[in-house]
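Trainee: coords please:
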Amino acid sequence: MKPSPAVEVNIRARVDKLQRFYDRIMSCRVVVEQRHRHGHKGNPFHVRIDVTVPNDELVVSRDPTQHQAHEDAYVAIRDAFDAIRRQLEDYVRRQRGDIKTHETPPHGRVVELNAGADYGRIETLDGKRVYFHRNCVVDGDFAKLQIGTEVRFVEEPGELGPQASTVHVLGKHHLAG
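Mentor: Sure, this is the predicted structure:
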């Protein structure tokens, strides 16, 4: 598109807001283009933003064919800056260590089965033994259990020590700790 002082002012204001949000931005490059040079309606704008931050580069590229509203340059620019702001927020959270990590649920191997009394014990990777009852085995798989069967479970305090609830028999593909 032809250079526009009004569009440039809009972009600079949005870049300033990004810099106030995160003051260690090393560079920010914004490209606004129309793929077809026809002067008629229906010619959406493509916006690409490259932001360089310490140890990373964040990129947003808005495909105009997905958004009819991007026939307005200001809407296309706003949407692209909203997306880069979200990426920058995620980056800042990662830098602070605020990103949640999901723990692997406890798992282990069945080391004791007492089919007559409907219970067994699981040994965890750290050697702890955890009691479980037949009713806690998901999908009624208690009959399929054997010594050595790998399971994952939810551990709860019980009257006589740790006990497992929601015991799942693991298939061939599972997470190991």
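
Trainee: return the distance of the helix or strand Asp90 falls within from the chain's centre.
Mentor: The secondary structure element spanning Asp90 is helix 73-96 (assigned by DSSP states H and E). Helix 73-96 sits 16 Å away from the centroid of its parent chain (Cα atoms, centre = their mean, to the nearest Å).

Trainee: buried ones in that helix?
Mentor: 73, 75-81, 83-85, 87-88, 91 (16 or more other Cβ atoms under 10 Å). Quick note: C-beta positions are derived from backbone N, CA and C, even for glycine.

Trainee: sec struct for the residue lying farthest from the centre of the chain, please.
Mentor: The outermost residue of the chain relative to its centre, with distances by Cα atoms, centre = their mean, is Gly116 at 44.7 Å. At Gly116 the chain is in helix, as set by DSSP: H, G, I helix; E, B strand; the rest coil.

Trainee: next, count neighbours for Arg29.
Mentor: Arg29 has 11 neighbours, counted by other Cβ atoms under 10 Å.

Trainee: where's the residue farthest from the centre of the chain relative to Asp141, distance?
Mentor: 18 Å (Cβ to Cβ, to the nearest Å).
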